[in-house]
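Enquirer: A structural model of the following input is requested.
(chains A, B, C and D)
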Protein chains: 4
Amino acid sequence: MGDLASLRDLVYRAHRSLAESGLVVGTFGNVSGVDREAGLFVIKPSGVPYESLRAEDLVAVSLATGEVSGSDLRPSSDTPTHLELYRAFPCGGIVHTHSEHATTLAQARLPVRCMGTTHADYFRGDVPATRCLTREEVEGEYERNTGLVIVETFRKAGLSPEEVPAVLVANHGPFAWGDDPFAAVENARMLEYVAGIELEMRLLDPDGPRPDGFLVERHYRRKHGRGAYYGQRRR
Amino acid sequence: MGDLASLRDLVYRAHRSLAESGLVVGTFGNVSGVDREAGLFVIKPSGVPYESLRAEDLVAVSLATGEVSGSDLRPSSDTPTHLELYRAFPCGGIVHTHSEHATTLAQARLPVRCMGTTHADYFRGDVPATRCLTREEVEGEYERNTGLVIVETFRKAGLSPEEVPAVLVANHGPFAWGDDPFAAVENARMLEYVAGIELEMRLLDPDGPRPDGFLVERHYRRKHGRGAYYGQRRR
Amino acid sequence: MGDLASLRDLVYRAHRSLAESGLVVGTFGNVSGVDREAGLFVIKPSGVPYESLRAEDLVAVSLATGEVSGSDLRPSSDTPTHLELYRAFPCGGIVHTHSEHATTLAQARLPVRCMGTTHADYFRGDVPATRCLTREEVEGEYERNTGLVIVETFRKAGLSPEEVPAVLVANHGPFAWGDDPFAAVENARMLEYVAGIELEMRLLDPDGPRPDGFLVERHYRRKHGRGAYYGQRRR
Amino acid sequence: MGDLASLRDLVYRAHRSLAESGLVVGTFGNVSGVDREAGLFVIKPSGVPYESLRAEDLVAVSLATGEVSGSDLRPSSDTPTHLELYRAFPCGGIVHTHSEHATTLAQARLPVRCMGTTHADYFRGDVPATRCLTREEVEGEYERNTGLVIVETFRKAGLSPEEVPAVLVANHGPFAWGDDPFAAVENARMLEYVAGIELEMRLLDPDGPRPDGFLVERHYRRKHGRGAYYGQRRR
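Expert: As a prediction, the model looks like this:
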């Protein structure tokens, strides 16, 4: 990934991709990317519109301390959430949106169930919804606690953040992650896509049958892990 | 805001932004902006398509008398509604649309409930629906009475028009406002966005749980008032 | 309207507008425009994609005989429907689409109910659905009988085609008309818009209250007939 | 169709058309086209994004053996499905997507019912959903078995793949085909369009009446087979 300038450029281009995806309205949403060797990640400055964002505006934050370094701009208010996710999950990029269908399901505190191969190509099993935060968690270090409750959700359910690279935060909205910021944006897009299908499924047939486990496992395994045969060998 | 020409230019650009937002079809919708020192506001001329609108076509209207000054064009037929809102609410710009999901809820006479943080980032609590107008109100000064029933809705419910900068007029559609015409357009866009999510919520789980009050209050307070920490300090 | 070339140009541009509206997919849909003095109308050739349509391809058809004149191209297969509508209704342009929400309601044999001011600004009361055609009507002169059943629907319900410039043909889709081809396209767009809102209303609250008659009448009268005060005086 | 280069060019352009149609997200979906005289078909390479796809990347596959010839790239992982369809059905092009509404119905294991003339213009009767694959079928030659279960679905129901050029694979998504790759893309687009209307119908009125058989037969016959009178004679 190289130095800070190239990380900023990468995260800047991932923001462009996010803005073009239609997943974000107004100043909602943010992307970050991490350089674990350098011990920092860079993230969107708070409240800056996508159309006026520049690569040099991206704010660098220390993984060790959570402190901003070398920037006069405030980082996204969701920065402590990203920090806790980088500390707990082995990912390279994180995206937060309020994309429509995923937000509806987050408000209804429902998971995005794995109901077919479209979902299984990207997420191995249901994308979970977190529990609600307590009053103490909200009135205390709210954004940090949002990260901690995501990590708790995965730990308690025995989920792998590499196999299920997204979550719905109750009454809030989705976070997604991936090997790098672009993979995180792609996972956020696919999450919204399967959330839309899940919403249609729930309206059409709330008790509709789950797909067989061997089918969704086959699809996940086509694309992920050893034995994957989707894509070109250089991947 | 300066003189009339610059106000016209601002409101013209806000109309361009509204047209690009996809919130309006045909000649529906209008934006106005006020210069309280000069005692006037400017508003879209009636029935003019967005694509042929020019800044100089915007019609200036007196806040004191409601009279047009210096224009041969008729102002929007909704002008008396804007006038009553400027008289009662401390806003700088107003937008009226028939945006799809907000109009559906207005027709169903249902509020846009605050069901999550997306809503709470822009609106402190439910966006109310007005009562229906009486026959006398409709057959009399209809557009003025539309403004008055909006004001009544806020007064009776003890709502602050600064904290809840939008309303659904029963069987009609939404009005939104803000510190300036662009903020009003942004609030109109966010209203339509959360109305879409609210509609999905109501179809998915009509009796779904409300978010905790401390969560939505935290989100509103992150962005608004003293102690806000969203965005950059210069805001 | 002048001579045939200018009518073809007008109807050509109305087809461009229809294609840009998103109301049509594939080769579905068609527009026609009439020159009553010349005793003819021009209409889309059958099965020609919108992107390759040229003004000179539009086919002229006699109002008296329904015969094509001066063209090697076949007119739209829906031509006899347009012919019967021009004979019965005092309109200048007709549009047929299979636009999504209007088609859903046509398949459900449900009218687009007048549930608010958005509808009332364009249509004075419900947009009706026709009865189903009989086997004899379908297996005989099907397209002509489609026109006749539309006319029958208006006659039996005492509806004015000028006040309600659209219809849903059962299990088929919408037709709309207007003073000229562009007005017909605008009415087709507004029909799809209010059909979308009507569909949301029916899913949200199938027995939701109708708006007061005096409200929708006020809105219709703001824009149509003597006493209209919407738009500029030159309209 | 000529030589391999021109087939690659045709299939390349059909991929462009598919990407522009909005039916595919990410790297989902693929198109193939066959040259039966040459005994091969060409198909998308696996996992290549649409925006970086080049005509020369398309992979040629033998109809006799299923082997790749003259390419270092892996063909789409769905290649064995295409192969079985080319062997059983007399089509010239095949498209696979995970388009939203068709995928929802595939997950619900419901057919796209023929509920109106929009459907009947393209598909003579319901577009069927396959049965679920067995564990043995999924864990064995999964993609080949997907093709075989599609063929079985048509054989058992006595359906003609020329009259019903599409299918929903249970818990997976749609396949469509046609006389050539562009016709297959058009059928995939129309399938998604009528699947959207079908989904609205099922939500609005799950037990709504079917259209009369003579109506949908008339529409299908207007466009297809001897006696068709839709389109120009040169078709």
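Enquirer: alpha carbons only for contacts and neighbour counts from here, please
Expert: Fine.
Enquirer: phi, psi for A:His172 please.
Expert: Dihedral angles phi and psi of A:His172 (degrees, to the nearest 10) take the values phi -120, psi -90.
Enquirer: oops, could you answer that again for A:Glu139 instead?
Expert: In this entry, A:Glu139 is assigned phi and psi values of phi -80, psi -10 (degrees, to the nearest 10).
Enquirer: tell me who's in contact with it.
Expert: The contact partners of A:Glu139, by Cα atoms under 8 Å, 6 or more residues apart in numbering or on different chains, come to B:Phe214, B:Arg218.
Enquirer: any idea how far it is from B:Arg221?
Expert: 11 Å (Cα to Cα, to the nearest Å).
Enquirer: isn't A:Pro75 up against A:Ile43?
Expert: Yes - A contact is recorded between A:Pro75 and A:Ile43 when judged using Cα atoms under 8 Å, the distance being 6.4 Å.
Enquirer: need the overlap of contacts for the two.
Expert: With contacts defined as Cα under 8 Å, 6+ apart, the residues adjacent to both A:Pro75 and A:Ile43 are A:Leu58, A:Val59.
Enquirer: residue contacts, the residue in chain A positioned nearest to chain C?
Expert: For chain A, the nearest residue to chain C under the criterion Cα to the nearest Cα is A:Leu203, separated by 10.3 Å. Going by Cα under 8 Å, 6+ apart, A:Leu203 touches B:Leu203, B:Leu204, D:Leu203.
Enquirer: go again with 7 Å.
Expert: A:Leu203 is in contact with B:Leu204, counting by Cα atoms under 7 Å, 6 or more residues apart in numbering or on different chains.
Enquirer: now swap in the one 5 residues further on and tell me
Expert: Residues counted as contacts of A:Gly208 (Cα under 7 Å, 6+ apart) are D:Ala108.
Enquirer: helix/strand/coil for it?
Expert: Assigned state for A:Gly208: coil (three-state reduction, DSSP: H, G, I helix; E, B strand; the rest coil).
Enquirer: contacts only, for A:Val48.
Expert: A:Val48 makes contact with A:Thr27, B:Gly231, according to Cα under 7 Å, 6+ apart.
Enquirer: okay, and it sits in which element?
Expert: Remark: A:Val48 resides in no helix or strand, with elements defined by DSSP states H and E.
Enquirer: let me see the confidence value for A:Gly2.
Expert: If you check A:Gly2, the pLDDT there is 57.
Enquirer: list the contacts of stretch A:95-105.
Expert: Counting contacts by Cα under 7 Å, 6+ apart, the residues outside stretch A:95-105 that touch it are A:23-24, A:28-32, A:111, A:172-177, A:184-185, A:188, A:192, A:195-196, B:118, B:197, B:200-201.
Enquirer: what does stretch A:169-179 give?
Expert: Residues external to stretch A:169-179 that are found in contact with it (Cα under 7 Å, 6+ apart): A:91-98, A:102-103, A:106-107, A:109, A:129-132, A:165-168, A:184, A:187-188, B:115-118, B:211.
Enquirer: now these: which count as buried?
Expert: Applying 16 or more other Cα atoms under 10 Å in any protein chain shown to the contacts of stretch A:169-179, the neighbour count classes A:91-98, A:102-103, A:106-107, A:109, A:129-130, A:132, A:165-168, A:184, A:187-188, B:115-118, B:211 as buried.
Enquirer: that older thread, among the contacts of stretch A:95-105, which lie within strands?
Expert: When DSSP state E is applied, the contacts of stretch A:95-105 are split such that A:Asn30, A:Val31, A:Ser32, A:Gly173, A:Pro174, A:Phe175, A:Ala176, A:Trp177 fall in strands.
Enquirer: out of these, who's nearest chain B?
Expert: Proximity of these to chain B was ranked by Cα to the nearest Cα; the top entry is A:Gly173 with 8.0 Å.
Enquirer: for chain A, which segments count as helices?
Expert: Using DSSP state H, the helices of chain A run over A:4-20, A:79-88, A:100-107, A:117-120, A:135-139, A:142-157, A:181-204, A:213-223.
Enquirer: need the winner for burial among those helices.
Expert: helix A:100-107 (a mean of 28; mean count of other Cα atoms under 10 Å in any protein chain shown).
Enquirer: sorry, back to before: the ones in strands among the contacts of stretch A:95-105: which two are farthest apart?
Expert: Taking Cα to Cα as the measure, the ones in strands among the contacts of stretch A:95-105 span a maximum distance of 16.7 Å, between A:Ser32 and A:Gly173.
Enquirer: same drill for those two, tell me which one is more crowded.
Expert: Here A:Ser32 and A:Gly173 are set side by side on neighbour count (other Cα atoms under 10 Å in any protein chain shown), and the busier one is A:Ser32, at 33 against 26.
Enquirer: residues in contact with the closest residue to that one other than its chain neighbours?
Expert: Once flanking residues are discounted, A:Ser32 sits nearest to A:Ile43: 4.3 Å by Cα to Cα, 6 or more residues apart in numbering or on different chains. With contacts taken as Cα under 7 Å, 6+ apart, A:Ile43 has the following neighbours: A:Val31, A:Ser32, A:Gly33, A:Leu58, A:Val59, A:Ala60, A:Pro75, A:Ser76.
Enquirer: and A:Arg54, by the same measure?
Expert: A:Arg54 is in contact with A:Tyr12, counting by Cα under 7 Å, 6+ apart.
Enquirer: so for it, what's the pLDDT?
Expert: In this prediction, A:Arg54 carries a pLDDT score of 95.
Enquirer: where's the residue of chain A closest to chain C relative to C:Arg13, distance?
Expert: Between A:Leu203 and C:Arg13 the computed distance is 40 Å (Cα to Cα).
Enquirer: same check on A:Val164?
Expert: Remark: distance between A:Val164 and C:Arg13 (Cα to Cα) = 51 Å.
Enquirer: which residues of chain A lie near chain B?
Expert: Where chain A comes near chain B, counting by Cα under 7 Å from any Cα of the partner chain, the residues are A:46-48, A:73-74, A:77, A:98, A:100, A:104, A:107-108, A:135, A:138, A:171-172, A:203.
Enquirer: D:Ser6: which of those residues is nearest?
Expert: For the residues of chain A next to chain B, the residue nearest D:Ser6 by Cα to Cα is A:Glu100; the value is 42.6 Å.
Enquirer: now do that closest one against C:Leu203, distance only.
Expert: Separation of A:Glu100 from C:Leu203 (Cα to Cα): 19 Å.
Enquirer: would you pull up the residue in chain A closest to chain D?
Expert: Distances from chain A to chain D, computed as Cα to the nearest Cα, single out A:Gly231 as the nearest residue at 4.0 Å.
Enquirer: can you count the residues close to that residue?
Expert: If we define neighbours as other Cα under 10 Å, then A:Gly231 has 19 of them.
Enquirer: just the pLDDT for it.
Expert: According to the predicted model, the pLDDT of A:Gly231 comes to 87.
Enquirer: test my guess that it contacts D:Phe28.
Expert: No - when contacts are counted by Cα atoms under 7 Å, A:Gly231 is not listed as touching D:Phe28 (11.1 Å).
Enquirer: circling back to that earlier point, what's the most distant pair in the residues of chain A next to chain B?
Expert: Farthest pair in these (Cα to Cα) is A:Leu73 and A:Leu203. Separation: 43.9 Å.
Enquirer: could you list the low-pLDDT ranges of chain A?
Expert: Per-residue confidence for chain A (pLDDT under 70) gives these ranges: A:1-2, A:234-235.
Enquirer: ok, and the closest non-adjacent residue to the most centrally placed residue in it?
Expert: Averaging the C-alpha coordinates of chain A gives a centre point, and the residue nearest to it by Cα atoms, centre = their mean is A:Ala176 (1.2 Å). Here the nearest residue to A:Ala176 in space, its sequence neighbours aside, is A:Ala166; by Cα to Cα, 6+ apart that works out to 4.0 Å.
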